[in-house]
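In: need a structure here:
(3 chains)
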Amino acid sequence: MSRVNIEIFLGILLVLITSSLVLVYGINEEERMAEYSAWEKARSIEVGAELFSAQCSRCHGTQGLGIQGLCPPLNDRNFFDSRLVEVAWSGTLEDYIVSTVSSGRLASTRPQLYPGEGTPAMPSFHENYGGPLREDQVRNIAAFILNWEETAQLIEVATGPVEDAVGTDITVELPEGDAVNGEALAVSIGCAACHIQAPTGPAWLADSGQVGIGERAAQRIADPDYTGNAQTAEQYLLESIVMSGVYLVPDYQDLMPNNYGETLAKQDVADLIAYMLTLK
Amino acid sequence: MAKETAPAAEGKVQVNRREFLNLAWLASLGFLTVNVAGITYLFAMPRFEEGEFGGLYTVGSASELPEVNAAPQNHPKVKLWISNTDKGVTALYKVCTHLGCLYNWSDQDEIFACPCHGSQFSLDGEFIQGPAPRSLDRFVLRVVDPETNQVLAQADNGEPLQLPDNPNAVIQVDTGQRIQGQAHA
Amino acid sequence: MLRNANLQDLRKKIGGMIDQRVRAITAGLGLNELRALVRGEPPTEKPNPRYKVHTTSFLFHIRPRYYEKGSTIFAHTFRLGFFTSFFFFVEVITGLILMVYYTPSPSEAYNSILKLMTNVPFGQMLRDIHRLGAEGMVIFTVLHMLRTYLTGSYKKERSFTWLTGLVLLGITLVLSFSGYLLPWDQLAYWAVTIGTSMFEAAPLIGNELNLLARGAPDIAANGLLRFYLLHVVLLPFAAVLVISIHYYKVSREHGISLPAKFVEGEVPPAVTKEAKTRVDFLPDLLTHEVFLTALGLFALVLGVTIFGYHAPLESVANPQVTPLDTKAPWYFWWLQGMLKLGDKTLMGIILPTIIVAILVGLPYIDRNPHRSLYKRPLAVAVGVLAVLALVVLSYMGLPEFGIKTSAATRIVQDLAPQEGAGPVHKIPFTQLQAGVYEINQTPTRNLCPDIDYGCPELESVFGSYTQWVNAAVERGDLPDGTGVMLIEDWQQDLKKVTFRIIWEEDNLAKTYEHHLFLHQDRGSE
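Out: Numbering: from 1, shown residues only, chains lettered A, B, ... in the order given. I've put the predicted structure just below:
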């Protein structure tokens, strides 16, 4: 066969093979697109997990379980089943999450449960409203939160004054405190989020230049700038929990929930104080 | 004028190897062209995601529908009116069948009326009067069981759909499939 | 009999009319002539109507009527110029198609690419072909330039063609670079940020150049739009113009050069005469070109399907965070290598300008009138050295060369890179058994007795981690170093993997920690 004929013959083969490759590829297209879509959703959740960890976990908890009195739980059956009805939201849950994360919350929608302290109750996160996140980042966070829908359990929230609440009188007699239980409570009630894990409130643990809160309590009441009424270290600690606004440590703001007097039981507060006193 | 050299023989000349190969090549290139045309068509036809206009839109659960013979429910994002009448539920396309304006619902007169040229339609989309040539266009409507995703009922021809009893059943409208309204006499 | 005669006449008349129409469409080739072409037979008319096609038809006017036989030898041109233009056409066509779905705005660009990949049939394939074609075009442009240099085809009457070729090289590189930014992912954003920061190094006008290129001090909406317009309007227009000039000179003025040996008298005159025989373009060379086109398309589709070439897509561009191991596109690695050698202005602006000046002036600097390789040893040596320098500098441009990353960062980056897929990402989800894995405490075998078929990939990753940390400790990079790998169940289909390396430096305990989240549907992407 002459060279030209060979070329034509090869050309026919090449064209036919190319066409078949494209056809076979085309048959798998729907499946490939669905796979890519699933991968993209997976990536969205991964990025959302990272962002949630960095931006949201200090208030809503690393596993979205919330902090009593401060931030509502998101990894909560009620959140997925009845929150939208509660607030009479007409859109989807995703819209609700994106809206709240984007523009924040000027005031708590459930002040008796989550009084927080001061406004805004939740800062805005979308860059359009002065926050640090782009649109796609807000949506990724929403994807991560929505991924809890399958496994969310019912979170019991204390709905009001508790039996044997400690009250706001700092001279009240407290029972014997158990420091070990106090350490557990510090995490479950949420004190650790602001006082140990993040620098939102004065650090409890000893740090460079500063002793732990167990020793500091006594020092504070001796301070001439102290504006409270405590006479002993225990009273100081009690006062800072139930009457937090009376004295503010310099450089810190009045951000503590102001209803601990009603929501914490005497024994729990005693345990907490016992634990704090061990932090020297 | 160019002078044609005499043809080799009178009548048909047999196809030689080169000619055969060239014709086969032409055929294969034609096949490739058809492939490419197909790819271009599939590529260029827009596809819609759920919730977009042109795709599958979820109206809500049966309990959220308007009362029978009450004012229709407005879904502006997908250009949709949901009407609930004695005959069933209809998904009406908001574009008037006359020249493309969006018609409105009048609570006073309890009819749809188009502000452009005055066409009027009843709650279930039937033509009453006006320059429009036919009744309102509808979308394919279906009812889905939320747990099993099974289709419980579907209206493919634009007729009102009778709802099953389940108040939690989810109503979906396929805004990509539109059925033209019937021309009036 | 009368009816028969009329039918014959009618047939002849209709045949004549059809033949007329065909001649009008084909610029002078009648039905018989077309058949002769297809059959590979000589022209049926005098004068040869096939030549007239080249003067009358617009589509064929830029193609030469004939080639000299010697210039069609495969080992002379390797068809590099043809394939370069082939890739250009592929890029224009695939680019036009992709434009249907792309939006050049920072908030929309990445999403439009995602939509292309997930909700447009053949979207990924066209994107992959576009990317592969672009790389092919750059490679073939450079190879074509190298071939032209080695066969001395830039001398004398071809010097202007050489100049237009250099302009095309520049256009090709900028086309590739401007397209690089368009996906607006981390790879695109930071590679182009590095590249355009070269402008700032220009003396005197550096700041103005930077603002012109980016439309702002850093790359944002303005920059993306400018790059998009460059990529899609200005440069293609300029390319078509300069390609036409370049090719018109080749095809109509001086033709493809003959191999030097035929022209510079090293072979008997009979051979030279044979080399100068004319080969008509129609039909055989046209057939050859269609064959090459089929070959090129086949190679592209093969690359994208069987060989799995995929245009990369990292996470969306984050102007606040530069990922580790950021690098320029491969055809600029040589420049990045040069930058590691010295001052930004010297290495990035002055030296490249000098190189370009030498290339432009080459036909005038090179006084040697010969084209044969043997008679231009200096030119050949310089050419070989240039290629070597390019390769070496390109290697030096890689992040692995000359950039000191701390040992701990390097180890973790190699296992779980911030962008793209590393060994950790490839562990199947079911093998990510929650637990604490301590280097040198936890064995690297039999980690998952409770999982069916064990967890070989997890063991492999943990094994590498152990090995690398221990090696770094031995080298002295991580004195007293230990490491731990933590896997936690985060959500029902999400795991958190944390790497922590602790070592001692200046009597202080130092820690490096990095964590990532892995979802079940991550797949093999």
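
In: show me the contacts for the residue lying closest to C:Glu68 once chain neighbours are set aside.
Out: With sequence-adjacent residues excluded and distances taken as C-beta to C-beta, 6 or more residues apart in numbering or on different chains, C:Glu68 is closest to C:Lys276, at 5.2 Å. (C-beta placed from N, C-alpha, C; glycine too.) By C-beta atoms under 8 Å, 6 or more residues apart in numbering or on different chains, the residues touching C:Lys276 are C:68-70, C:258, C:262.

In: Need the three-state assignment for C:Tyr512.
Out: Using DSSP: H, G, I helix; E, B strand; the rest coil, the structure places C:Tyr512 in strand.

In: can you tell me the helix or strand for the residue most central in space within chain C?
Out: Most central in chain C under C-alpha atoms, centre = their mean is C:Glu135, positioned 1.0 Å from the mean C-alpha point. C:Glu135 belongs to helix C:123-150 when assigned by DSSP states H and E.

In: Just the buried residues of that helix, please?
Out: Burial within helix C:123-150, assessed by neighbour count using 16 or more other C-beta atoms under 10 Å in any protein chain shown, is assigned to C:123-142, C:144-145, C:148-150.

In: mind listing what's buried in the host helix or strand of C:Leu292?
Out: Element membership of C:Leu292 [criterion: DSSP H and E] is helix C:286-305. Neighbour-count burial for helix C:286-305 flags C:287-288, C:290-301, C:303-305 (criterion: 16+ other C-beta under 10 Å).

In: Counting by contacts, list what it packs against.
Out: Applying 3 or more C-beta pairs under 8 Å, 6 or more residues apart in numbering or on different chains; DSSP states H and E, one finds that helix C:286-305 makes contact with helix A:3-27, helix B:17-44, helix C:80-98, helix C:123-150.

In: what's near enough to touch the one residue in the stretch 51-200 of chain C that gets nearest to chain A?
Out: Relative to chain A, the nearest point of the stretch 51-200 of chain C is C:Thr118 (4.3 Å; C-beta to the nearest C-beta). C:Thr118 sits next to A:33, A:36-37, A:40 when contact means C-beta under 8 Å, 6+ apart.

In: Let's see that with 10 Å instead.
Out: With C-beta atoms under 10 Å, 6 or more residues apart in numbering or on different chains as the criterion, the residues that contact C:Thr118 are A:32-41, B:47, B:49, C:124.

In: one step back: going toward the C-terminus from the helix holding C:Glu135, what's the next helix or strand?
Out: helix C:159-181.

In: what's that next one packed up against?
Out: Here helix C:159-181 touches helix C:80-98, helix C:123-150, helix C:186-200, helix C:221-229, helix C:235-248, helix C:351-365, going by 3 or more C-beta pairs under 10 Å, 6 or more residues apart in numbering or on different chains; DSSP states H and E.

In: would you turn those into TSV with distance to A:Gly66?
Out: Formatted as TSV, the helices and strands packed on helix C:159-181 follow (distance: least, C-beta to C-beta, whole Å):
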stretch	distance to A:Gly66
helix C:80-98	46
helix C:123-150	42
helix C:186-200	33
helix C:221-229	38
helix C:235-248	55
helix C:351-365	59
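
In: can you tell me which of these the model trusts least?
Out: Ranked by mean pLDDT, the helices and strands packed on helix C:159-181 bottom out at helix C:186-200, with a mean of 88.

In: For B:Glu4, give me the pLDDT.
Out: 46.

In: if we can go back for a sec, any residue of the helix holding C:Glu135 up close to chain A?
Out: Yes - Helix C:123-150 lies within reach of chain A by C-beta under 10 Å from any C-beta of the partner chain, at C:123-125.

In: and that helix, anywhere near chain B?
Out: Yes - residues of helix C:123-150 contacting chain B under C-beta under 10 Å from any C-beta: C:123, C:125-126.

In: ok so C:Val232 is a helix residue?
Out: Yes - looking at C:Val232 with three-state DSSP, it is inside a helix.

In: residues touching it, list them.
Out: Here C:Val232 is in contact with C:95-96, C:98-99, C:102, C:104, C:175, C:178-179, C:182 (C-beta under 10 Å, 6+ apart).

In: make it 7 Å
Out: By C-beta atoms under 7 Å, 6 or more residues apart in numbering or on different chains, the residues touching C:Val232 are C:Met99.

In: Need the per-residue pLDDT for it.
Out: At C:Val232, pLDDT is 96.

In: do the same with C:Phe122
Out: Reported pLDDT for C:Phe122: 94.

In: B:Arg47 - nearest residue in space that isn't next to it in sequence?
Out: In space, B:Arg47 is closest to C:Asn119, 5.1 Å off (C-beta to C-beta, 6+ apart).

In: Give me the residue ranges of the chain where confidence is low.
Out: In the absence of a named chain, chain A is used. A:116-119, A:158-163, A:198, A:208 (pLDDT under 70).

In: my question was about chain B
Out: Scanning chain B for pLDDT under 70 picks out B:1-11, B:185.

In: Kindly list the longest strand within it.
Out: strand B:170-179 (DSSP state E).

In: Check what contacts that strand and list those residues.
Out: B:48, B:53-62, B:65, B:78, B:80, B:91, B:93, B:137-144, B:146, B:157-158.

In: Tell me the strands beside that strand, with direction?
Out: In the sheet, strand B:170-179 lines up against strand B:56-61 (antiparallel), strand B:138-144 (antiparallel) (DSSP bridges).

In: Name the residues of whichever helix or strand comes after the first one that are buried.
Out: Yep, that's strand B:56-61 we're talking about. Sequence order places strand B:73-75 as the next helix or strand after strand B:56-61, per DSSP H and E. For strand B:73-75, the neighbour count (16+ other C-beta under 10 Å) marks B:73, B:75 as buried.
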